[in-house]
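> Give me coordinates for this.
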Amino acid sequence: MVGKPESSNGTAKSGSNQTGSSPPSALPLNLKSDLFSSLSFKTLKLKTKQQELLLRVSILCLIYILAFITRLFSVLRYESMIHEFDPYFNYRTTLFLTQKGFYEFWNWFDSESWYPLGRIIGGTLYPGLMVTAAIIYWVLRFLRFAVHIREVCVLTAPFFASNTTLVAYFFGKEIWDSGAGLVAAALIAICPGYISRSVAGSYDNEGVAIFALLFTFYLFVKAVNTGSLAWALASAFGYFYMVSAWGGYVFIINLIPLYVLVLLITGRYSMRLYVAYNCMYVLGMLLAMQIRFVGFQHVQSGEHMAAMGVFFLIQVFYFLDWVRYLLSDTKLFQAFLRITVTTAVGVGAIALGVGTASGYISPWTGRFYSLLDPTYAKDHIPIIASVSEHQPTAWSSFMFDFHILLFLFPAGLYFCFKRLSDATIFIVMYGLTSMYFAGVMVRLILVATPAVCLISAIAVSATIKNLTQLVRTKSKVPQSGSSKGSGSSKGSSKATVDQSQPFQRNGAIALLLGAFYLLSKYATHCTWVTSEAYSSPSIVLAARGAHGNRVIFDDYREAYFWLRQNTPPDAKVMSWWDYGYQITAMGNRTVIVDNNTWNNTHIATVGRAMSSYEHEAIEIMRSLDVDYVLVVFGGVTGYSSDDINKFLWMVRIGGGVFPVIKEPDYLVNGEYRVDKGAAPKMLNCLMYKLCYYRFGELTTEYGKPPGYDRARGVEIGNKDIKLEYLEEAFTTSNWIVRIYKVKPPNNRW
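Numbers count the residues shown, from 1 in each chain. Predicted coordinates for the structure are as follows:
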């Protein structure tokens, strides 16, 4: 309604000018010239900026919404549920927090896990995720939204993924320009490397930690660029939130000191850097110490010593800078410099040696060693190597999670090196270090994803900007015969340049079309990966039937519901540690071990029971007061992530503590088999008997003999399995979960 009168007025004026007749209300020519002269260049420029701002805000809003809705495939396809294993513990603790309050949560001793040891919850977790979800829940309830805490937990990761796109925009703008920021926000919104841990239902620490990681880096780079104390303090609080959310904060507290060290070595020391690092480190360390699980690790752990060393080093730089200002004699300053550096290095080495020898400074953890030496965990700590997300990354995984970003990344590095600054040096170091760690451990692709998106966005933005400049260049018509002598030479050169401009323009258009085509294929790939690979909850399995129809296996929840309804409330369930969190959260029963894996000996005891003969295992189970044993078996459905395929890790972990268990006893010529050629100990161990009990009577596939294992593709070797000390209590519809009850001991009298 507003635009229509303006359009009609404009038409009337245009018509009156064309016909030459002037209406009575027409303005005099001198008044018109005064009005046009009052429209200064600055006014027009301001309007252009407003239009650009409106366009950027609109694009960011669309990206924000896209980042959220693209993570809802699992909710639409299945239902609103928690995924994976660890998120069930996070959901259980968040539920406890909202019901009991923060004080009870902080001092909670959980007797339903790690029986008979128990677990102190408040001092053994990072509470950032739980507190964040609880605050969101309380705010929604205050606003009279009738929501359940589970729905908040399911949607927390998509919500923070949307927030991450905003941080990526401002980070890209700080490093390069607003165009790179918009591209970075769009890339990270749908990048599979990030979506894998931020889909709806993925209620894990990484869901909020990647936002905190990128936010901390952005605030620190902003502080370095501006030298502002406020930004430095903000980065310290961002670091505190990261520490409260995820153990990956160690990456921050090592990357930032490394970055500061590089700036010091390359002669880029400044007061801006001094203010930013000192404030971030000192306040961030003091705040991080308030997290019980972290405590005094910042001053006692070897993983944090680099940050402390750089902190003292930058004080030395500040002192030397002050002394150089006071001393006018160059030779005297150089002598003082040598003495100071030698003294500082000597004192630091002595302090580090004494602290390490006395035990005050603890050594690096096994996971930290694994990042520097990928073979360390397999040789020394098999429980770390047994986790699938701790395995080295295959090249196909990089292509699967990054797609064309894998090729844009080197181009972005080139542009960063071409325009070096304090900010671009940081993003280059972040990208290179995170990509190395992503190659060592597949889980850390998540950490590398923001850096890859930012650096790739720089490549896309810079390339498109250069190409659009060529497209906008207008070809000039060469003038001939107007020059003489040397002037004619210049004229011919100009003519040559002018003739090449159409070719450059057409080439630029072709390259732009190719770039947009590749970006469209990236979007298609990301959508497909999100839908098919990263939106399937592991607790509900799906497969394609013979006619292409979708088949759902809901055996996990069926088993946990049976446990909750048909076993005594104080029943103790023994299973491999993978399923501990789910049994406690959904089955509401006490478990012997769970996914926290804080006590290697306790897990090794369970591994020893599973790999022993039944008459040996019963003694271990009775010593632990075990009432039920739960195993996961995929021989009927072809589910490969079952306990038979995990069994060798049980043997290795158990053998690491109990030498009586030897891995070669379960192999035949170094080969792991379950058919007739399997090792005798393998055919008669407890795990084999519990998985294959009554399986020899079952025909699983047409044309195959009874007892054909579809997951391994072989006929089992022991079909006549009899249990002496356990009895089958429940087997799910598709045989994926099997539960056995431990028989009470016979009356000795």
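
> V631 should be in a helix, yeah?
No: in this structure, V631 is strand, not part of a helix, as judged by DSSP: H, G, I helix; E, B strand; the rest coil.

> where does this protein dip in pLDDT?
Low-confidence segments of the chain (pLDDT under 70): 1-46, 366-369, 376-380, 474-501, 747-749.

> Spatially central, which residue of it would that be?
Per Cα atoms, centre = their mean, the C-alpha nearest to the average position across the chain is that of L446, at 3.3 Å.

> so it is in which element?
When secondary structure is defined by DSSP states H and E, L446 falls within helix 445-472.

> Pull out the buried residues from that helix.
445-464, 467, 470 (16 or more other Cβ atoms under 10 Å). For every residue, glycine as well, the C-beta is placed using N, CA and C.

> for stretch 528-546, same thing?
Neighbour-count burial for stretch 528-546 [16+ other Cβ under 10 Å]: V529, T530, Y534, S535, S536, P537, I539, V540, L541.

> Determine how far the helix holding L446 lies from the middle of the whole chain.
21 Å (Cα atoms, centre = their mean, to the nearest Å).

> Please apply the same query to stretch 171-190.
Put simply, stretch 171-190 sits 18 Å off its chain's centre (Cα atoms, centre = their mean).

> Could you list every helix and strand in contact with the helix holding L446?
Counting contacts by 3 or more Cβ pairs under 8 Å, 6 or more residues apart in numbering; DSSP states H and E, helix 445-472 is packed against helix 149-175, helix 178-190, helix 192-195, helix 206-226, helix 395-402, helix 405-418, helix 422-440, helix 486-532.

> and the angle from the fourth one to helix 178-190?
What that stands for is helix 206-226. 170 degrees (axes from the mean of the first three to the mean of the last three Cα atoms, to 10 degrees).

> mind listing what's buried in stretch 177-185?
Buried-residue list, stretch 177-185, by 16+ other Cβ under 10 Å: G179, A180, G181, L182, V183, A184, A185.

> Now distance to Y318 too, for these, in a markdown table please.
Listed next are those as a markdown table, based on distance: Cβ to Cβ, whole Å:
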| residue | distance to Y318 |
| --- | --- |
| G179 | 37 |
| A180 | 33 |
| G181 | 33 |
| L182 | 38 |
| V183 | 38 |
| A184 | 34 |
| A185 | 37 |
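
> Touching, K689 and I721? I think so.
Yes: with contact defined as Cβ atoms under 8 Å, K689 counts as touching I721 (5.0 Å).

> Which one of these two is surrounded by more residues?
Taking other Cβ atoms under 10 Å, K689 and I721 do not tie; K689 has more neighbours (21 against 18).

> next SSE after the helix or strand that one falls within?
Using DSSP H and E, K689 sits within helix 686-692. Helices and strands here follow DSSP H and E; after helix 686-692, the next one along the chain is strand 708-709.

> So what touches that next one?
For strand 708-709, the surrounding residues in contact (Cβ atoms under 8 Å, 6 or more residues apart in numbering) are G635, V674, F695, T699, T700, E701, V714, E715, I716.

> List the contacts of stretch 156-164.
64-65, 67-68, 71-72, 129, 132-133, 136, 188-189, 194-195, 197-204, 207-208, 210-211, 214, 450.

> hmm, which of those are the buried ones?
64, 67-68, 71-72, 129, 132-133, 136, 188-189, 194-195, 197-204, 207-208, 210-211, 214, 450.

> I'd guessed F319 sits against T343; true?
No: taking Cβ under 8 Å as the definition, F319 is not a contact partner of T343, at 11.4 Å.

> Can you pull the phi/psi pair for P363?
Backbone geometry at P363, expressed as degrees, to the nearest 10, gives phi -70, psi 170.

> what about it, how many neighbours?
12.

> Please tell me I have it right and it contacts Q300.
No: in this structure, P363 is not within contact of Q300 by Cβ under 8 Å, at 11.0 Å.

> just to revisit the earlier point, restricted to buried residues, select the contacts of strand 708-709 in PyMOL.
Provided next is the PyMOL selection string for whichever of the contacts of strand 708-709 are buried by 16+ other Cβ under 10 Å:
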select buried, resi 635+674+695+700+714+715+716
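
> could you dump the contacts of strand 708-709 to TSV with distance to M285?
Listed next are the contacts of strand 708-709 as TSV, based on distance: Cβ to Cβ, whole Å:
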residue	distance to M285
G635	52
V674	52
F695	56
T699	64
T700	58
E701	60
V714	56
E715	61
I716	57
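
> List just the nearest of the contacts of strand 708-709 to L513.
If you rank the contacts of strand 708-709 by distance to L513 using Cβ to Cβ, E701 comes first, at 50.6 Å.

> Could you check how far the closest one is from V208?
45 Å (Cβ to Cβ, to the nearest Å).

> go on, L143?
The value you get for L143 to V208, if Cβ to Cβ is used, is 21 Å.

> returning to what we had before: which ones are touching the closest residue in space to the residue nearest to the centre of the chain that isn't next to it in sequence?
Sequence neighbours aside, R197 is the residue nearest to L446 in space, at 5.3 Å (criterion: Cβ to Cβ, 6 or more residues apart in numbering). Taking Cβ under 8 Å, 6+ apart, we find R197 in contact with A157, D204, E206, G207, I210, L446.
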